[in-house]
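need the 3D shape of this:
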Amino acid sequence: MKSPASSRRHFVKQAAAAGLSFNFLPAYLTSARAADNPKLPPSRRINLGCIGIGGRAGSVIPGLTADGMATPVAFTDVDFVTAKSLEKNLKAFPDVKRFQDFREMLDKMGKDIDAVSVVTPDHTHFVAAISAMALGKHVYVEKPLTHTFEEAEILMRAEKKFKVVTQMGNQGHTSAGAEQFKQMLAAGIVDDIVKIDAWKSPSLWFMNATERALVKGYPAEEPKPETLNWDLWCGPQEVKPYSKMYHPFNWRGFHLYGGGMFGDWGAHIIDFAHHHLKLGLPTRITPLELADYNKISYPLSSDIRFEFPARGEKLPAVELHWKAGGDIKVEIEEKFGDPGPDGKVLIPNPGATGSLLHRKQGDYLVQRGSHDRHSTVYPRSKMVEFKDAVALNKPKYNHFESFIHACMGEGMTESPFSVSGELTQVLNLGTIAEYLNVDLKFDPATKCFIGNDEANARLAGPAPRAEWADCYKLA
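From the prediction side, this is the model:
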């Protein structure tokens, strides 16, 4: 049996070779697979290599396998004991082979794997995804797609080069709410949007002043669980002393490992507008207020303005305001309310999460929630006027199903890297603004900041640890 080190070296050689010459025959088309899964013939089944078994994977893996067209053949996790919610998948698939290092999984079982799911902390999404893609595997990656702007750029190039099916896990992008937004776009209801207010109430530790006060700088070192491979958990990033503030979940609050609230929820809140209104990349990102700002953890609350240029007819320049935190104040103007039974105007409550799309004409307002939530037009009398365009119609497949069917050559995914990559880059630019707390000018053509070397260095982030450097050369 190969040692872990030799397996990793062999994997790197395989991946490098795949990067130079790509010729991929999906494993599910080979006759040798016929006896592996009697539920479906090999031509109608996707074998999954699952990287990350706990946390969100408790929903992602069951979602990908729900209709029986996909089945896990390999599980990889850096901790098969203390990670959250992993028992659900381990009990459902008790006989699946287990690995701690996804490179060993791909090395030893690559011939039996058609597609890979990546449900790990943000900072390890890229290395797992690019490694699988370079070997011809389709990839489903949780949001945000990557931890840095450059990683997203590489994955978008890799999607074209390796011609694999891709999908980011912003699940609402394939839903009745998404179909409704497309209908509204076709009907002209979301023409001439000039301003977008997007917001999220606090729901993570770093946005709670009491919990935040307990963490000063980086957390102090604590005893590491014996079952956790901490070096692998850190992946390409710097290895800090272990703390339970990082694993199994709170990593998202640290710039080093996560994307904060914007990286977490921005993909679910601004995705419809960004994609369908063709926002692209902004020309300016301005932090208006970052409470308890520092360069280790994300702010207690954020107020950031993004400026997007005009993109053509009925697509004027857009100013997007992102607000997150307990002091959020989002109000709907009285003119968008409707008269109540007593004649007084009832002003809608925008709620704790969502976005408001403002038209240049100011004649009505479009509110969108998050994930698969449908959109509402205010005043509600406009909903009656637009009743056909705002009707809810489910797509043929949900977000998970569309990925599996696309892997089988049936249709396309709604959030491939060509779509979700650029959205992720907007999220990355926002996290850079939260890190530096300065007004930033950006050139979408060159994909560089103007006159700020420190900001440009953050596009790629710190150099990866030597063991992982080859992953950044595969596409």
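
any idea which helix or strand in this structure has the lowest mean pLDDT?
Least confident helix or strand, the chain: helix 4-20 with a mean of 53, by mean pLDDT, DSSP states H and E.

keeping just the C-alphas, turn the next helix or strand along the chain from that helix into PDB.
Moving toward the C-terminus from helix 4-20, the next helix or strand (DSSP states H and E) is strand 46-51. Extracted in PDB, the C-alpha atoms of strand 46-51 (Å, rounded to 0.1, in the frame of the first residue of the first chain):
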ATOM      1  CA  ILE A  46     -23.300   8.800 -10.900                       C
ATOM      2  CA  ASN A  47     -20.700   7.700  -8.400                       C
ATOM      3  CA  LEU A  48     -19.800  10.500  -5.900                       C
ATOM      4  CA  GLY A  49     -16.600  11.200  -4.000                       C
ATOM      5  CA  CYS A  50     -17.800  13.400  -1.100                       C
ATOM      6  CA  ILE A  51     -15.300  15.800   0.400                       C
END
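
helix or strand right after strand 46-51?
Following strand 46-51 in sequence order, the next helix or strand is helix 57-65 (DSSP H and E).

relative to strand 46-51, how tilted is that next one?
For helix 57-65 against strand 46-51, the angle by axes from the mean of the first three to the mean of the last three C-alpha atoms, to 10 degrees is 170 degrees.

quick one: buried residues of helix 57-65?
Residues of helix 57-65 classed as buried: 57-61, 63-65 (neighbour count, 16 or more other C-beta atoms under 10 Å). Any C-beta I mention is one placed from the backbone N, CA and C, and that applies to glycine too.

who are the packing partners of that helix?
Contacts defined by 3 or more C-beta pairs under 8 Å, 6 or more residues apart in numbering; DSSP states H and E place helix 57-65 against strand 46-51, strand 70-76, helix 87-92, strand 115-118, helix 399-407.

and the angle for it with strand 70-76?
Interaxial angle, helix 57-65 versus strand 70-76 (the same axes, to 10 degrees): 140 degrees.

nearest to Leu300, out of the helices and strands packed on helix 57-65?
With C-beta to C-beta as the measure, strand 115-118 is the member of those nearest Leu300 (30.0 Å).

got the CA positions of whichever helix or strand comes after that closest one in PDB?
The helix or strand immediately downstream of strand 115-118 is helix 125-134, counting by DSSP H and E. Only the C-alpha atoms of helix 125-134 are listed here, as PDB (Å, rounded to 0.1, in the frame of the first residue of the first chain):
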ATOM      1  CA  HIS A 125     -13.000  24.800  -1.500                       C
ATOM      2  CA  PHE A 126     -10.500  25.700  -4.300                       C
ATOM      3  CA  VAL A 127      -7.900  23.100  -3.800                       C
ATOM      4  CA  ALA A 128     -10.400  20.300  -3.600                       C
ATOM      5  CA  ALA A 129     -12.400  21.500  -6.600                       C
ATOM      6  CA  ILE A 130      -9.400  22.200  -8.900                       C
ATOM      7  CA  SER A 131      -7.900  18.800  -8.000                       C
ATOM      8  CA  ALA A 132     -11.100  17.000  -9.000                       C
ATOM      9  CA  MET A 133     -11.600  19.000 -12.200                       C
ATOM     10  CA  ALA A 134      -8.100  18.400 -13.400                       C
END
